[in-house]
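Undergrad: return a 3D structure for these sequence lines:
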Amino acid sequence: MIRHQPLSNRPAPPRSARRRAASAQRAPAPREERLGLTLALLAALWIATLFEPQWFLAGRGISALLKAPVLLFLLMMGLLAIRVPAVAALQRRWTWYEPLLTLLLISLVTVPFAPNPLMAREATQNLFLMWVLVVATVVLIDSARRAELLIRGYAYQFLIWGVLGASTGAVVWHTTLSNFDGFGSFMVIGAALAAVLIAGVVWYRSPRKGLVIGAALLCGLVIAATSTILHGDEYWAELATIAQGTEEATGEDRWEMWKAAWKVFLQHPILGVGAKNWGVFASTYFQPGQLGGDYAENPGMLYNKNLHSSYFQILSEHGLAGVLAFIWIVWDFCRRNLQLRTAAAGERWARMGGTLRLKSLAFGLEAAFIGWLASASLYSQNGAHWFYSILAMNLVVHRLVMSQARNEARLKIRGGDGRPGRARGRQRRSAAHP
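TA: Just a heads-up that it's a prediction; the model follows:
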């Protein structure tokens, strides 16, 4: 009778074999695909979106380049239509991003019924281009390195815009940031409110709360000193407007418009009056004496008015359907961001080649999102890219991590060497008991 050596007494496999077996259980970092023109086009789209060089060149007399982003978007849509059906990897990464698509469809449905269909169509077109940017980013960015490159570009833009507008409080060649109200959403009220909330999030998340408080105070002193040197008393006078109530200057103006927007919503509670049409509707719906403030005698002044609140704008222009779609977007962001904070997700990100700590990255995206939500309460930013850019970064990082998790799970089931786990178990049992 042949005596078989007990399994527990068998010599352990060599260390090199154990390393190969362990590495086989982990899916390797996906190789970056050579997308050539398509990836270069995506990079050009993000440069045009974040840094907007077309407006700088238009200020130098080359106004034809203002149409360049639209041309880039058209080329991107054409390339996606050709490449996605032909490339399996792109098909696997494809997403409709249903929360944002739902808001887009609501906006599209209301275009024919809006008081000014042309303005509604322009706003809906901008929303569509933002959806294309989000989808293209998820489909084409296939590695942690490329995702981190996008995130760094997003962070650098704030430094660049801050430097360009530091001396005058505006970026003189930009269509929106050339006026104090446009730049103010970034520099004064919106930025101040967002900074307070972001600092609160960072303080809450940080294990070294005292250090964070000290750093925040130091940054505040530097900003105050620099602003005082550059702008003198004008800086403090502008900050004083934050304390204005609903019966003073800009506070009264916002309050009257928000009350008007609520009444507009009550007239069209389901789908709203159409994108960018709250003022168009209000200017003819209200009669003299029905509103207060500057609009008491002439409600027609509301026609092209900025509502100064993204929330009231969604409510009045897209109705309850738009509000629910927006809540879905916020919930989807939070759900995905929460999944990025686990230790397992961080380990996968590192194995994919990521150099940034994923948990910190997730907290940073969360803080940026809270900053936007805060500033959106006082400024209408639905047409700007800030919101959609944060959504895109959060979505692409989440999709990459989840894809890596699925790849590792498949390799684990197959035992790491291409054979199903059940077959390998039978082989071990037959070897032990021939």
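Undergrad: can you map out the helices along the stretch 251-400 of the chain?
TA: Secondary structure of the stretch 251-400 of the chain, counting by DSSP state H, counting those that start in this stretch: helices at 278-285, 310-339, 343-351, 358-375, 386-413.
Undergrad: where does the stretch 51-200 of the chain have low pLDDT?
TA: By pLDDT under 70, the low-scoring segments of the stretch 51-200 of the chain are 166-200.
Undergrad: what do you get if the cut-off is 90, keeping everything else the same?
TA: Across the stretch 51-200 of the chain, residues meeting the criterion (pLDDT under 90) sit at 51-70, 87, 89, 152-200.
Undergrad: do the same with the stretch 251-400 of the chain
TA: Looking along the stretch 251-400 of the chain with the criterion set at pLDDT under 90, you get 251-255, 288-298, 304-308, 356-357, 359-361, 363-386.
Undergrad: on that earlier part again, of all the helices of the stretch 251-400 of the chain, which one is nearest Ala89?
TA: helix 386-413 (10.2 Å; C-beta to C-beta). The C-beta positions use only the backbone N, C-alpha and C, and glycine is treated the same way.
Undergrad: angle of the closest one against helix 343-351?
TA: An angle of 90 degrees separates the directions of helix 386-413 and helix 343-351 when computed by axes from the mean of the first three to the mean of the last three C-alpha atoms, to 10 degrees.
Undergrad: against which helices or strands is helix 386-413 packed?
TA: helix 15-25, helix 88-93, helix 117-140, helix 144-165, helix 310-339, helix 343-351, helix 358-375 (3 or more C-beta pairs under 8 Å, 6 or more residues apart in numbering; DSSP states H and E).
Undergrad: which one of those lies nearest to Gly292?
TA: helix 310-339 (16.3 Å).
Undergrad: what sits against His268?
TA: 281, 316, 319 (C-beta atoms under 8 Å, 6 or more residues apart in numbering).
Undergrad: drop anything exposed from these.
TA: Members of the contacts of His268 that pass the buried threshold by neighbour count (16 or more other C-beta atoms under 10 Å) are listed as 281, 316, 319.
Undergrad: quick revisit: of the contacts of His268, closest to Trp96?
TA: Using C-beta to C-beta, the shortest approach to Trp96 within those belongs to Gly319, at 22.5 Å.
Undergrad: pretty sure that closest one is touching Gln267, no?
TA: No. Checked against C-beta atoms under 8 Å, the pair Gly319 and Gln267 is beyond contact range at 10.1 Å.
Undergrad: the helix or strand hosting Ala43 to helix 117-140, inter-axis angle?
TA: Element membership of Ala43 [criterion: DSSP states H and E] is helix 37-50. Comparing the axes of helix 37-50 and helix 117-140 via the same axes, to 10 degrees yields an angle of 130 degrees.
Undergrad: how about stretch 65-75: buried residues?
TA: Buried residues in stretch 65-75, counted by 16+ other C-beta under 10 Å: 65, 68-69, 72-73.
Undergrad: contact partners for the residue lying closest to Glu122 once chain neighbours are set aside?
TA: Taking C-beta to C-beta, 6 or more residues apart in numbering as the measure, Glu122 lies nearest to Lys276, with 6.9 Å between them; neighbours along the chain are not counted. Lys276 makes contact with 116, 119-120, 122-123, 317, 383, according to C-beta under 8 Å, 6+ apart.
Undergrad: same thing but at 7 Å, please
TA: Applying C-beta atoms under 7 Å, 6 or more residues apart in numbering, we find Lys276 in contact with 119-120, 122-123, 317.
Undergrad: can you give me phi and psi for it?
TA: In this entry, Lys276 is assigned phi and psi values of phi 60, psi 30 (degrees, to the nearest 10).
Undergrad: how many residues are close by Val134?
TA: Counted by other C-beta atoms under 10 Å, the residues lying close to Val134 total 21.
Undergrad: how near is the spatially closest residue to it that is not a sequence neighbour to Pro112?
TA: Distance criterion C-beta to C-beta, 6+ apart; nearest residue to Val134, sequence neighbours excluded, is Ala392 at 4.4 Å. Noted for Ala392: a distance of 29 Å to Pro112, by C-beta to C-beta, to the nearest Å.
Undergrad: tell me which of the two has more neighbours.
TA: Using other C-beta under 10 Å, the more surrounded residue of Ala392 and Pro112 is Ala392, with 26 against 10.
Undergrad: against Leu100, how distant is the more buried one?
TA: Between Ala392 and Leu100 the distance is 10 Å, computed by C-beta to C-beta.
Undergrad: intersection of neighbour lists for those two?
TA: Residues touching both Ala392 and Leu100 by C-beta under 7 Å, 6+ apart: Val134.
Undergrad: quick revisit: please save the CA atoms from the helix or strand following the helix holding Ala43 in CSV.
TA: Moving toward the C-terminus from helix 37-50, the first helix or strand encountered (DSSP H and E) is helix 53-58. The C-alpha trace of helix 53-58 is given here as CSV (Å, rounded to 0.1, in the frame of the first residue of the first chain):
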residue,chain,number,x,y,z
PRO,A,53,-8.6,80.1,-24.4
GLN,A,54,-11.1,80.9,-27.2
TRP,A,55,-12.3,83.9,-25.2
PHE,A,56,-8.8,85.2,-24.7
LEU,A,57,-8.2,84.9,-28.5
ALA,A,58,-11.6,86.5,-29.2
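Undergrad: angle of the helix or strand following helix 53-58 against helix 37-50?
TA: Toward the C-terminus, helix 53-58 is succeeded by helix 68-86 as the next helix or strand (DSSP H and E). For helix 68-86 against helix 37-50, the angle between stretch directions is 150 degrees (the same axes, to 10 degrees).
Undergrad: ok, back up a step: residue contacts, the residue nearest to Val134?
TA: 133-134, 137.
Undergrad: that older thread, from the contacts of His268, which is closest to Leu39?
TA: Using C-beta to C-beta, Gly319 comes nearest to Leu39 of the contacts of His268, at 38.9 Å.
Undergrad: touching, the closest one and Pro269? I think so.
TA: Yes. Under the contact definition of C-beta atoms under 7 Å, Gly319 touches Pro269, with a separation of 5.5 Å.
Undergrad: and Leu50, how many neighbours does it have?
TA: 20.
Undergrad: what's the nearest residue to Ala144 if we skip its chain neighbours?
TA: The shortest distance from Ala144 to any residue other than its chain neighbours is 3.6 Å, reached at Gly354 (C-beta to C-beta, 6+ apart).
Undergrad: for the one you found, phi and psi?
TA: Taking degrees, to the nearest 10 as the convention, Gly354 sits at phi -70, psi 140.
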